[in-house]
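**Student:** just the structure for this:
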Amino acid sequence: MAPPLRNLKCLDLSRQLPGPFCSMILADLGVDVLVVAAPNDAMGIGIPLVQRNKRSMTLNLKSAEGRKVFEHLAKDADIIIEGFRPGVTERLGIDYATMAKVNPRIVYCSISGYGQDGPYRDKVGHDINYLGYAGVLGVSGGAGNPPTLMPVQVADIGGGAFTAAVGILAALMARQHTGKGQFVDISMMDGGMAWNVFHTLMYFARGSQPPRGGTQLTGHNPCYAVYETKDGKYVTVGALEPHFWRNLCDQLGVPDFFPDQFSEGERRDEMFRVIRAKFKTRYCAASATRVNRSANCARRKSSDRAAKAKNPGRREFLLRPTGSSRRLANVPSRASRRDHRYRFADTARKRRGKQLAAADLRTLRYRRHSPL
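**Tutor:** Next comes the predicted model:
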């Protein structure tokens, strides 16, 4: 079956990770993505793993010829994605207000660290900075220890790329009713705060900052923690529900712990000490997960072992495109009528903006399809 978003066209001006990851999601779903990169910008089309299913070209948007080419392409586009600092697109003359005059149906998405307005608008940053301002790092790490850096880009991918994709699709659906596009403003700091929903809710409920390492979901209780096994590996225990906790206590031979699941003070310390000792002396990682399957216990895998595991392959989450020697992560949503056809971006066919500006502009225009 043909991809669900096959009739849509996207111009992607973003670079590095958040914007290119977002356009990769759209491209995987069928959007015709044309990456527009500045000449000689090594990161202009994003990191290699997010280049698939896209076409690319270079274009000097600081020149009048380059802007003319971009406006011509925008006439037949449905989506524009950009990740410049606020104010840059206005200086270049390719901002939403300008593009909406060229194409009133355009959905224009800006991804930035702190949004297009507000006191943080002009601050610079990366994922670590956005998570710091969002309060995520404030609750990361163990009690009494410094904040722990997130090993994945929560703000870039979760708060930026996926949030942008949702916002773009919502704006496209709204266009069905209004006939007009709109501006989608994505702040990665806002997205990070949205992902911090549990601790934010606790703050509003209690009026105080949850202590680092002091909540149910940050390892404060023995029912939700990571334990080392006798082979030097680790298992994760997520026995929050009473039946899982009871099963864990029974399997470990400590049924008297069951009534004290969320106890504090010396009793909590004692339960941690005993359970740690049992995992450390009695089980290797494999046997621990088999014995405690009924207690919601799972092995902690490294990235390479996770990539080799049976489940991602069987669910076709990790795919090897035709003609490629490496596997890629699929879009993590499965639809029964979706066909996956992946290819890498053809960077070898990237055409220069100077050549494009001199070419017949009619050959550059997107083919028009039935609008969404």
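**Student:** any low-confidence regions in the stretch 201-350 of the chain?
**Tutor:** 290-294, 299-328, 330-331, 334-350 (pLDDT under 70).
**Student:** hey, what's residue 107 bridged with?
**Tutor:** Beta-bridge pairing of residue 107 under DSSP bridges involves residue 79.
**Student:** then residue 227?
**Tutor:** Beta-bridge pairing for residue 227 (DSSP bridges): residue 235.
**Student:** make sure it is actually in contact with residue 282.
**Tutor:** No. Between residue 227 and residue 282 there is no contact under CB atoms under 8 Å: 10.8 Å. Every C-beta, even on glycine, is put in place using the N, C-alpha and C of the backbone.
**Student:** between these two, which is the more surrounded one?
**Tutor:** When neighbours are counted by other CB atoms under 10 Å, residue 227 and residue 282 differ, and residue 227 comes out ahead with 22 against 14.
**Student:** any idea how far that one is from residue 68?
**Tutor:** 63 Å (CB to CB, to the nearest Å).
**Student:** kindly report the same for residue 242.
**Tutor:** 67 Å.
**Student:** for residue 239, same thing?
**Tutor:** Shown here: residue 239 relative to residue 68, a distance of 63 Å by CB to CB.
**Student:** of the two, who's got more company?
**Tutor:** Each of residue 239 and residue 68 has its neighbours counted (other CB under 10 Å); residue 239 has more, 23 against 13.
**Student:** so what's that one up against?
**Tutor:** With contact set as CB atoms under 8 Å, 6 or more residues apart in numbering, residue 239 has these partners: 223, 224, 245, 247, 248, 295, 296, 297.
**Student:** can you tell me how far it sits from residue 221?
**Tutor:** For residue 239, the distance to residue 221 equals 9 Å [CB to CB].
**Student:** what's the answer for residue 21, then?
**Tutor:** Per CB to CB, residue 21 is found 35 Å from residue 221.
**Student:** same thing with residue 110?
**Tutor:** Separation of residue 110 from residue 221 (CB to CB): 41 Å.
**Student:** try residue 76
**Tutor:** 57 Å.
**Student:** show me which of those two is the more surrounded one.
**Tutor:** For the pair residue 76 and residue 221, the greater number of neighbours falls to residue 221 (21 against 16), based on other CB under 10 Å.
**Student:** the more buried one contacts residue 264, correct?
**Tutor:** No. If you go by CB under 8 Å, residue 221 and residue 264 don't touch, sitting 9.1 Å apart.
**Student:** where do the helices sit along the protein?
**Tutor:** Along the chain, the stretches classed as helices by DSSP state H are 18-28, 64-75, 88-92, 96-102, 127-134, 163-178, 188-195, 197-206, 242-252, 265-282, 285-291, 303-308, 310-314, 353-358.
**Student:** contact partners for residue 40?
**Tutor:** When contacts are counted by CB under 8 Å, 6+ apart, residue 40 touches no other residue.
**Student:** what separation do you get for it and residue 91?
**Tutor:** 20 Å.
**Student:** now swap in residue 287 and tell me
**Tutor:** Distance, residue 287 to residue 91, by CB to CB: 62 Å.
**Student:** more neighbours: those two, which one.
**Tutor:** residue 287 (14 against 10).
**Student:** with distance to residue 50 added, can I get the helices of the chain in CSV?
**Tutor:** Listed next are those as CSV, based on distance: least, CB to CB, whole Å:
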stretch, distance to residue 50
helix 18-28, 4
helix 64-75, 21
helix 88-92, 22
helix 96-102, 24
helix 127-134, 15
helix 163-178, 13
helix 188-195, 16
helix 197-206, 26
helix 242-252, 37
helix 265-282, 38
helix 285-291, 33
helix 303-308, 17
helix 310-314, 18
helix 353-358, 22
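**Student:** deepest of those, which one?
**Tutor:** A comparison of those by mean neighbour count, using mean count of other CB atoms under 10 Å, puts helix 18-28 on top with a mean of 27.
**Student:** and that helix, average pLDDT?
**Tutor:** The average pLDDT for helix 18-28 rounds to 94.
**Student:** sorry, back to before: closest one to residue 151 among the helices of the chain?
**Tutor:** helix 303-308 (9.1 Å; CB to CB).
**Student:** ok, the closest residue to residue 203 other than its chain neighbours - how many residues close by?
**Tutor:** Spatial nearest neighbour of residue 203, chain neighbours left out: residue 209 (6.2 Å); criterion: CB to CB, 6 or more residues apart in numbering. Applying other CB under 10 Å, we find 13 residues neighbouring residue 209.
**Student:** tell me if I'm right that residue 209 and residue 138 touch.
**Tutor:** Yes. Taking CB under 8 Å as the definition, residue 209 is a contact partner of residue 138 at 6.8 Å.
**Student:** so how far is residue 233 from residue 285?
**Tutor:** 4 Å.
**Student:** next: residue 33.
**Tutor:** For residue 33, the distance to residue 233 equals 41 Å [CB to CB].
**Student:** pick out whichever of those two has more residues nearby.
**Tutor:** In terms of neighbours (other CB under 10 Å), residue 33 is the more surrounded of residue 33 and residue 233; the figures are 27 against 17.
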